[in-house]
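[1] my questions are about this predicted structure, shown below with the sequence.
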Amino acid sequence: MPANTDKAPESIRLYGVRQNNLKGFDLELPLGRYIAVTGLSGSGKSSLVFETLHAEGQRRYVETFSAYTRQFLDLLPRPRVDRIENIRPSIAIEQSNTVKTSRSTVGTMTELCDFFKVWFPHVARLFDPDTGREITDDNPQTIWRQALKSFRGQTVLVAFEVARPDGLEWADMLESIRAQGYSRAALAHAGVVRLDALDAAELIRAEEAARSANRAPLAVVQDRVRLELDARARFLEAAETALHFGQGRLVLLAPDGGLLARFSRGLHSPDTGRTFRSPTPALFSFNSPIGACPRCRGFGRVIQIDDRLVIPDTSKSIEEGAIKAFEGQVYSESKRDLIRAARRHGIPADVPVSELTPEQWTFVKFGEPRYREGKARGEQFDYEDDIWYGLKGFFDWLESNTYKMHVRVFLSRFRAYVTCPECGGARLIPEALCWKWEGHTLPDLYALPVSDLLRLLEQRAGSGRRKRAGATPHPAEVALDSILTRLRYLVEVGLGYLTLDRASRTLSGGEVERVNLTACLGTS
């Protein structure tokens, strides 16, 4: 009930309660009554009862003990509240979230991540991160179908590209190619030519042109085929041979030598040459060393120096002490180093840090250009030299001295958990993020609310399935059925707003109980 202006001594009065998601309200609770606090999961019941009322009652009661006794007691933190009047000592029996590890999520608790790891490799497609083009494991039959679909009725040249390995000369390679019976080739700069008219000098010029055209200097023509249905056998034979001599790669050229399409056997990009591993469940698991991001080890975040803690008030200037790490006697010399360097380079040290240009902020954070260029070349600098080493150089130097206790304590004041810059919080290695289903990576699916994810899977994945009587179900179908069952249950128990990547330790007690019930589906 709202706080009353009548301050009766038989009531507990709270003013400005702001604990967790509570919005700064006032409240009056009568003493000597049974009071039930109800509401939706996550609405703040535990924040009010346990983290505000009980925490303050316990804190005031413990303050009556001696300092010797207090050191043996486990105290709750002071609640975020303006004022509490007439509080009493309290005893609490709490329904709590016992999940403490940051690796646990809603998806791992419900075993949904395990089923997604089985389903996703069967349905996802691989895309080159550099070009955005889909990468497929091609064979002559798939190449024929794609070529017929894209260039039906056209005459194409089936060819394989040749590059000169180190230690070989073009003259020797040309002799070997001619000896195998080939008569035509396409140059990167001159179109289709006869091999017997080529010389090494022409191929050297083709090498220079190929660098800018993103092509091999020479493409040997295996066959010339008009793409019609009756040419299938001839095309398949030519494609098989071209893939063999092209080391798993094949190109289709126009009659004038222009590039039409590239194909490759195996999961490697025909454009960049990058090779990808086959999709396996371990590749899509952040709990596996194969799939976990190497930077954050699958946690999705790393602990590092946080600029917001280093400069908590950007309305201050450098001279006014905006850089908190430089205030005090221990490291104040670094502040003087920065001010001297700023004057040399014409950077204002008397304006708010928020008004510095991006170039000026780069100077403050990463040091003078001479220092940055030297570090890029691997040079070592003496910090007594008259050169500004940047905030990064300052903290890097401290990191090299963490064997000293006072340095570790100092650094802890400016460290915080931030999203992993390598994976962006996705927890998986970059290669796993190249695989997509319906335009979504697996972390994208985990980030969708459960109700939206269920709707998407029912519309896109469930609609195309055809179960055959008596047939053994495919592992991907079994996994999808389990996924849909668990997602429906989460929606039915009112947890459709959760995401599968939600950390388990952030759930309320009631949410944990209902998530655990979903996990029980697998054992029932």
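    Yep, it's here. Numbers count the residues shown, from 1 in each chain.
[2] only C-alpha atoms for contact and neighbour calcs from this point on.
    Will do.
[3] what about Y389, distance to S332?
    Note on Y389: its distance to S332, by Cα to Cα, to the nearest Å, is 14 Å.
[4] these two: who's more crowded?
    When Y389 and S332 are compared for neighbours, Y389 comes out ahead with 30 against 13, by other Cα atoms under 10 Å.
[5] which residues touch the residue lying closest to the more buried one once chain neighbours are set aside?
    Nearest residue to Y389, sequence neighbours excluded (Cα to Cα, 6 or more residues apart in numbering): G367, at 4.4 Å. If a contact means Cα atoms under 8 Å, 6 or more residues apart in numbering, then G367 has W388, Y389, G390, L391, K392, G393 as its contacts.
[6] and what of Y331?
    With Cα under 8 Å, 6+ apart, Y331 has these contacts: A325.
[7] how close does it sit to E399?
    Following Cα to Cα, the distance that separates Y331 from E399 is 14 Å.
[8] what bridges to E85?
    Going by DSSP bridges, E85 is paired in beta bridges with R13.
[9] any idea how far it is from A239?
    On the measure of Cα to Cα, E85 and A239 end up 85 Å apart.
[10] which helix of this structure spans the most residues?
    For the chain, the helix with the greatest residue count under DSSP state H is helix 475-492.
[11] so which elements touch the next helix or strand after it?
    For helix 475-492, the following helix or strand on the C-terminal side (DSSP states H and E) is helix 509-519. Packing partners of helix 509-519 (3 or more Cα pairs under 8 Å, 6 or more residues apart in numbering; DSSP states H and E): helix 106-109, helix 475-492.
[12] got the contact list for the first one?
    Contact with helix 106-109 is made by 113-114, 446, 498-504, 515-516, 519, as judged by Cα under 8 Å, 6+ apart.
[13] try it again at 7 Å.
    Outside helix 106-109, the residues that touch it by Cα atoms under 7 Å, 6 or more residues apart in numbering are C113, L500, D501, R502, A503, S504, N516, A519.
[14] just the buried members of those?
    C113, L500, D501, R502, A503, S504, A519 (16 or more other Cα atoms under 10 Å).
[15] the closest residue to the fifth one other than its chain neighbours: how many residues sit nearby?
    Yep, that's A503 we're talking about. Excluding its sequence neighbours, the residue lying closest to A503 (Cα to Cα, 6+ apart) is T105, at 4.4 Å. The local packing of T105 (other Cα under 10 Å) involves 23 other residues.
[16] which residues does T105 contact?
    L500, D501, R502, A503, S504.
[17] 6 Å instead, please
    By Cα atoms under 6 Å, 6 or more residues apart in numbering, T105 lies in contact with D501, R502, A503, S504.
[18] and P217, by the same measure?
    So P217 contacts L187, A188, A206, E207, A210 (Cα under 6 Å, 6+ apart).
[19] what pLDDT is listed against the last one?
    On the pLDDT scale, A210 is placed at 66.
[20] residues of stretch 285-293 that come out buried?
    For stretch 285-293, by 16+ other Cα under 10 Å, it's S285, F286, N287, I290, G291, A292, C293.
[21] grab the nearest non-local neighbour of the third one.
    Okay, so that is N287. Nearest non-adjacent residue to N287 (Cα to Cα, 6+ apart): G298, at 6.3 Å.
[22] and that neighbour, how many neighbours?
    24.
[23] and the pLDDT for it?
    The model's pLDDT for G298 equals 90.
[24] who's more crowded, E85 and A239?
    Taking other Cα under 10 Å, E85 and A239 do not tie; A239 has more neighbours (26 against 13).
[25] helix or strand for that one, which one?
    Per DSSP H and E: helix 232-245 holds A239.
[26] show me what that helix is in contact with.
    Contacts of helix 232-245 (Cα under 6 Å, 6+ apart): P140, F160, R249, L250.
[27] and it, average pLDDT?
    92.
[28] repeat for stretch 133-141
    Rounded mean pLDDT across stretch 133-141 is 86.
[29] same check on stretch 361-379?
    82.
[30] tell me which residues of that stretch are tucked away?
    Buried residues in stretch 361-379 (16+ other Cα under 10 Å): W361, F363, V364, K365, F366, G367, E368, Y371, R372.
[31] how near is the fourth one to D306?
    The reference is to K365. Counting by Cα to Cα, the gap from K365 to D306 is 12 Å.
[32] contacts only, for A426.
    G300, P443.
[33] no wait, V17
    Contacts of V17 by Cα under 6 Å, 6+ apart are G24, F25, V81.
[34] and stretch 88-108, end to end?
    41 Å.
[35] and for stretch 49-67?
    27 Å.
[36] who's in contact with that stretch?
    With Cα under 6 Å, 6+ apart, stretch 49-67 has contacts from L76, P79, I87, R88, P89, S90.
[37] which one among these gets closest to E492?
    Checking the contacts of stretch 49-67 against E492 by Cα to Cα gives P79 as the nearest, at 34.4 Å.
[38] and the closest one, what element?
    P79 belongs to no helix or strand, assigned by DSSP H and E.
[39] so who does it touch?
    Residues counted as contacts of P79 (Cα under 6 Å, 6+ apart) are T52.
[40] let's see it at 7 Å
    Taking Cα under 7 Å, 6+ apart, one finds Q19, E51, T52, A55, E56 in contact with P79.
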